[in-house]
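Student: Fold the following.
(chains A and B)
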Amino acid sequence: MKKTKLGEFEELVLLTVIVLKEDAYGVEIKRELEERLKETLSVGSIQSALKRLEEKGYLSSIFGEATQKRGGKRKRIYSVTNTGIQVLHEMKDVRAKLWDSVPNTVATTTK
Amino acid sequence: MSQSNQHIPPKLPLKLMRLFVNQDYLEEIEGDMEEIFNELLEEHSLRKARRIYAKECLLLIRPILVNFTKTQKLNIYGMIRLFFKTAQRNFMRHRLVSIMSLVTLVLGSVFYQVINAWLQNERAMDQFHSNIDQIHMGVARTNPKADLSPISLQLFFNLDYSQFPSIQKVSKVHVYRPDEIKVITPEYEHTGKGLVVDSTFTEIFDFELVNGSIIGQLNNPSNILVTQSFASKLFGDGDAVGQTVNIKCDQLGTYQIAGVLKDIPSSSSITFDFLLPTHSQKFWRRIPHEVFLTDEHFVREEFNEKIATLGRSNERFPESVLSSFPLKSIYYDRPFEISLFGKYGDSKNFQTMSIVSLLILFITAISFVNLQTTLQLSLVKKLGVKKVIGASNFDLSLEIVVSRVFYFLLATILGLGIYTGLEHYIQQSFELQLDSKMLENVLGIASVTSIAVFISLLISYLKVLQIKGKEAISGKMSFLGVPKMQRVLTTIQYAVTVVLLIGSTVIFYQFQFMLNKDTGIRQNGIISVDFFEMMTGFSGSEERLEMERRYELVRNKLSANPDIKQMSQGSMPINNISKTSWKLVGGTDEYTTENKMYVDPGYYNLFGLNLIEGRFFNDSLDQSGDLKVVINEAAKKYYGIEQIDGTQLMSNTSGRREYKFDVIGVVEDYHYEHLSQAVKPLILQYRIYEDESFLLAVNEINKAETIGWLEKLFRSVNTGGIFTFESMESLVEAQYKKEELTGRIYLGFGIVALLLSSIGLFTFALHETKRRTKEIGIRKVNGATRLNVFTLMSGSFIKTIAISLLIGFPVGWYFTSDWLSTFAYRTNVSFWIYIIVGVIVMSCAFIAVLWQTIRISRANPVESLRYE
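Tutor: Sure thing, here's the model as predicted:
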């Protein structure tokens, strides 16, 4: 099997899920990310990223509570799986190593 | 709760979302959306919130969220790929039957398209003129009983078209046949068909230039327009536009090529090589025709009524009747035959060909269906297994559809390739000159393949519905036997083949019969050479005297040549009739239209006529133009003449005056028309001018030399002219060209039909022998010899053929005798024709089944019993 890859946006969503812990459901993830990225995101983009991540096995989910605000529909709470955490670490390592190899001038000027 | 219920999300996007979003995700996403909607309401107006909600809904349409599961999607694609693979494997595994199916489709569709192309061309005849429904031709009858003649009403009857507001444009057309006009370039003299027309001609008809607009091109009197192919004849590959040519007919003139016309489409009844403007010369000797363009309000009947008697003011034609004829009906109705039209249609031929094309379609479809049914029968077990495993009828029929689409695509592409490759050759052998139209070819070929494929698809589908898994595997299915239907279809197919073959044989015999029949006139070794195209100059002028000198030279040289046995001047006695009005002086009958030809005294010996009474024309007693005639036996009988002495015939055709002619002799009947006609009364008059063609009886042994000698003689009096000659034999052959062609076409299709039917029978045999393998094994174990088995097996097929012969013979007999009855002189259809056709069909069928039957009769019974 070929190695499944993690897209940039997917990585952000995955990290947000970890950050939000028990609150990690669709709307909350969207809100958090919009705040951090300072741009509006569509429900569709968040949802499709979540579904893809779930399909790849980086996320698992359970139904949560139903609130009045949601018209009686249940939330789906996402949590990161071990492989999800593993893949995040791998990404971080790769980046870190790459940053180490970046010449100092570039590393300092961009800061 | 009640508060939130007041502001529910907009219904339509919600519905949309529920429709397409995957059911598994719906609750979560719908909840998220509603939560966001409620938050939006706190910040924005209801309308804005709704708008954002709707936008978000649309943005949800993404492959991963949408309501078809991934697994399903993969299945359909995989299934079709599998089916294509299966179709391909089946094709390879049953290579014989599959290739034959393909050959059937390709052969059938190609030959269908050959006829179809012709039929399409006939149907489209003249339709490319956008105004074809509004173009008419002026016609007149010199008296109410006379034939229609398309002469200019303006010129002869002073008809003023401008009186009729619905007539928009009028053009006179003088037609010059290739033997009447020459186009002279610095190098050569070329012959071609020329039309001398008014500039309105290009507005009435839709003939087009290769470059630019044709309108107004003939306004300049020194312009000439030539067709593309004529231009390349004149100047090869060089640019013709701007070149100067000389025209020589009854007029002389210099013209500049102003434009090159696209070649006349094969669907044009009017043909020509070049167009000349009428006003480039003061006078053209050919009698002009007249065409006119009307608007939509034109009612031909009313117009005809109005102009009917207008021509009587011309004192030459006190009884004349003027009218008009729609141009589009001339092709099929053939009210008159003039050289303006290069071709005329034949509605009977059209019908027959339509039927033949349908027959080809029918035979192809039957063959293909039979082949595919046979193929499917051998797949019955496989289908049974599939059913047991759980395939639905839908799955099985999908497999069939894919396999048939496979055939359809392959056959259409192959057929198209072969047809386009052979188009030129096929059309040449059938002497059809048709423009090639790619789209029509694709449609024609695809229609045959699709019809055949569709019928076989339908039948296969019905068969599949009948399959019950268990029974199919255990070989108990009742339809494992060759279906009765298939046997019946094969029989019909052979019957049709038999009819086509009988038809072509009879036509061929009749053709040979007509070519070889003694027509009562000599046909061998007579050639005609036109030394002087036309009289030049006025009588007494220097030009005329020069021509007379050359004439004497030619005449003396010809009579001095020992290889020229006889000599005459005039035209060959084939299709050279002028219709004129005659009546017997002193008789009670009115004028009737009879056949007349102009001859000179040499005619009698040249063609070997036989005199019955009186004498033929004679140089010492008669002069050209004398009021004397020789008639044939049929005319003598027709007028009830007992004694020719003192008998006179009267003619009024030459205008106002009536002339009386003495009958000086009677010749034995000879055929001067197509042999479908009985010999009709004929009146011969001595009236020959010096410029007419010389008819020469040439010694057969030295023919080639003599023709070489004639060419030199021709050159000596026509410097720069092109020597041509016509032989009587070629004229006779040309006369029966149509019969020969029809015969060839029928033969072609008869052979195709025979091939297709034999392929059908072959697979029929293939299947039958497979099915009976065990049975034959048992027979052999019980002591049957090879011969026993062989006769048993071939017998069942021969029976089928015998039945089709029994059906085909009477039908063929009916059609051929119907066709032959249109000929006054016809060959006897001997029973040999039927025997020959029978033997051919039988032996083809026999060859088709031979291999299979021999194989099975030689098979080791032990092997046979172990079969399956």
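
Student: Report the rounded mean pLDDT for stretch B:823-840.
Tutor: Averaged over stretch B:823-840, pLDDT sits at 84.

Student: Just the endpoints, please. Distance across it?
Tutor: 28 Å (C-alpha to C-alpha, to the nearest Å).

Student: got a list of contacts for that stretch?
Tutor: In this structure, residues lying in contact with stretch B:823-840 by C-beta atoms under 8 Å, 6 or more residues apart in numbering or on different chains are B:498, B:501-502, B:505-506, B:509-510, B:512-514, B:517, B:675-678, B:754, B:805, B:809, B:812-813, B:816-817, B:820. Every residue, glycine included, has its C-beta placed from N, CA and C.

Student: buried stuff in that stretch?
Tutor: Buried residues in stretch B:823-840, counted by 16 or more other C-beta atoms under 10 Å in any protein chain shown: B:823, B:825-827, B:829, B:833-834, B:837-838, B:840.

Student: Spit out the contact partners of residue 80.
Tutor: Chain wasn't specified; assuming chain A. Counting by C-beta under 8 Å, 6+ apart, A:V80 has contacts A:14, A:17-18, A:58-59, A:88.

Student: was after chain B, sorry
Tutor: The neighbours of B:I80, taking C-beta under 8 Å, 6+ apart as the test, are B:398, B:402.

Student: do the same with B:W582
Tutor: Here B:W582 is in contact with B:591-594, B:596, B:649-651, B:683 (C-beta under 8 Å, 6+ apart).

Student: Secondary structure of it: a helix, I assume?
Tutor: No: according to DSSP: H, G, I helix; E, B strand; the rest coil, B:W582 belongs to no helix; its state is strand.

Student: SS state for the closest residue to it other than its chain neighbours?
Tutor: Excluding its sequence neighbours, the residue lying closest to B:W582 (C-beta to C-beta, 6 or more residues apart in numbering or on different chains) is B:E594, at 4.7 Å. Classification of B:E594 using three-state DSSP returns strand.

Student: quick one: contacts for B:E594?
Tutor: By C-beta under 8 Å, 6+ apart, the contact list for B:E594 reads B:579-582, B:635, B:680-683.

Student: and it, bridged to which residues?
Tutor: With DSSP bridges applied, B:E594 shows beta-bridge pairing to B:T580.

Student: Now the buried members of the contacts of stretch B:823-840.
Tutor: Restricting the contacts of stretch B:823-840 to buried positions leaves B:498, B:501-502, B:505-506, B:509-510, B:513-514, B:675, B:754, B:805, B:809, B:812-813, B:816, B:820, with burial counted as 16+ other C-beta under 10 Å.

Student: burial of B:N618, as a residue count?
Tutor: For B:N618, the neighbour count with other C-beta atoms under 10 Å in any protein chain shown is 12.

Student: which residues does the residue lying closest to it once chain neighbours are set aside contact?
Tutor: Using C-beta to C-beta, 6+ apart and skipping the chain neighbours, the partner closest in space to B:N618 is B:P601 (5.6 Å). By C-beta under 8 Å, 6+ apart, the residues touching B:P601 are B:568, B:616-619, B:622, B:686.

Student: Got a quick ChimeraX command for the buried subset of these?
Tutor: Of the contacts of B:P601, the buried ones can be selected in ChimeraX as follows, counting by 16+ other C-beta under 10 Å:
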select /B:568,616,617,622,686
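
Student: which sections of the stretch 401-550 of chain B are below the confidence cut-off?
Tutor: B:431, B:468-483, B:533-539 (pLDDT under 70).

Student: Please repeat the previous calculation with a cut-off of 90.
Tutor: Along the stretch 401-550 of chain B, segments meeting pLDDT under 90 span B:401-407, B:420-442, B:444, B:456-550.

Student: Please tell me I have it right and B:F531 contacts B:R715.
Tutor: No: look at B:F531 against B:R715 with C-beta atoms under 8 Å: they stay out of range, at 10.6 Å.

Student: Looking at those two, which is more packed in?
Tutor: B:F531 (24 against 13).

Student: So which residues of the stretch 501-650 of chain B form helices?
Tutor: Secondary structure of the stretch 501-650 of chain B by DSSP state H, counting those that start in this stretch: the helices cover B:542-560, B:603-606, B:633-639.

Student: meant to ask about chain A, not that
Tutor: Secondary structure of chain A (DSSP state H): helices at A:8-20, A:26-37, A:43-56, A:82-101, A:104-110.

Student: Save the ones you listed as CSV, and put in distance to B:I99, mean pLDDT and mean neighbour count too.
Tutor: Converted to CSV, these look like this (distance: least, C-beta to C-beta, whole Å; pLDDT from 0 to 100; neighbours: other C-beta atoms under 10 Å in any protein chain shown):
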stretch, distance to B:I99, mean pLDDT, mean neighbour count
helix A:8-20, 54, 91, 18
helix A:26-37, 61, 91, 18
helix A:43-56, 48, 89, 20
helix A:82-101, 55, 90, 12
helix A:104-110, 69, 67, 9
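
Student: Would you format those helices as TSV with distance to chain B included?
Tutor: TSV is the format used below for the helices of chain A (distance: least, C-beta to the nearest C-beta, whole Å):
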stretch	distance to chain B
helix A:8-20	12
helix A:26-37	4
helix A:43-56	4
helix A:82-101	18
helix A:104-110	33
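
Student: out of the ones you listed, which comes closest to B:L105?
Tutor: helix A:43-56 (47.2 Å; C-beta to C-beta).

Student: Pull the contacting residues for B:E690.
Tutor: B:532, B:535, B:547-548, B:551, B:569.

Student: ok, now how distant is B:W284 from B:L195?
Tutor: As defined by C-beta to C-beta, to the nearest Å, B:W284 lies at a distance of 11 Å from B:L195.
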